[in-house]
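Participant: predicted model follows, preceded by the sequence.
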Amino acid sequence: MSSYRLRVNGTEYRAEVKEISADRALVEVNDETYSVDLLEFGRRSSATVRKATAAPHTPAKSPSHAAASRPSAPTATSAGTVVAPLPGLVLQLKVAPGDEVSAGQLILVMEAMKMENQITAPRNGSIRKVFVSEGDNVGEGDALVEISRPEMTTL
């Protein structure tokens, strides 16, 4: 994607952004891969960096659509509303109100910039509300679905 030469405290580094979404980036620095949580994309701020444990995801061709497909990091509010990580078109809705979902489960597919983006559940729970339909255009930050937390039990 993008390559940079950086100097930090007098030491020079070679960095390449491999993948980037609204809240996460996969960055290779001197042949080491790191997953970076972006706290405020496009503004001066801090970021959380951790060493990636898996190889970067390589988009694969979708048999039913000319665009490539890649998972998008789920973006959710503290209330459980999953929001669009970027503007796009809702292609497939995989859940309905009342459905139980697990963290990482595919909840919808949207197209943005000729790429299919797989939007996954950020946590376990049940679908409380669905705010979009297949064919809807959404903007970055628009509500997609609301996921309620699972019921708590006592021992």
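Facilitator: Received, thanks.

Participant: so where's the longest strand in the protein?
Facilitator: Using DSSP state E, we find that the single longest strand of the chain is strand 11-20.

Participant: going by neighbour count, list what's buried in the helix or strand where Leu89 lies.
Facilitator: Assigned by DSSP states H and E, Leu89 belongs to strand 88-93. For strand 88-93, the neighbour count (16 or more other Cβ atoms under 10 Å) marks 88, 90-91, 93 as buried. The way it works is simple: take the backbone N, C-alpha and C, and place the C-beta from them, glycine included.

Participant: following the longest strand of the chain, which helix or strand shows up next?
Facilitator: Past strand 11-20, the next helix or strand by DSSP H and E is strand 24-29.

Participant: and the angle from whichever helix or strand comes after that following strand to strand 24-29?
Facilitator: For strand 24-29, the following helix or strand on the C-terminal side (DSSP H and E) is strand 32-38. Per axes from the mean of the first three to the mean of the last three Cα atoms, to 10 degrees, the angle that strand 32-38 makes with strand 24-29 is 150 degrees.

Participant: what does the pLDDT read for the residue nearest to Gln105 when sequence neighbours are not counted?
Facilitator: Excluding the flanking residues, the one nearest Gln105 by Cβ to Cβ, 6 or more residues apart in numbering is Ala121, at 4.8 Å. In this prediction, Ala121 carries a pLDDT score of 89.
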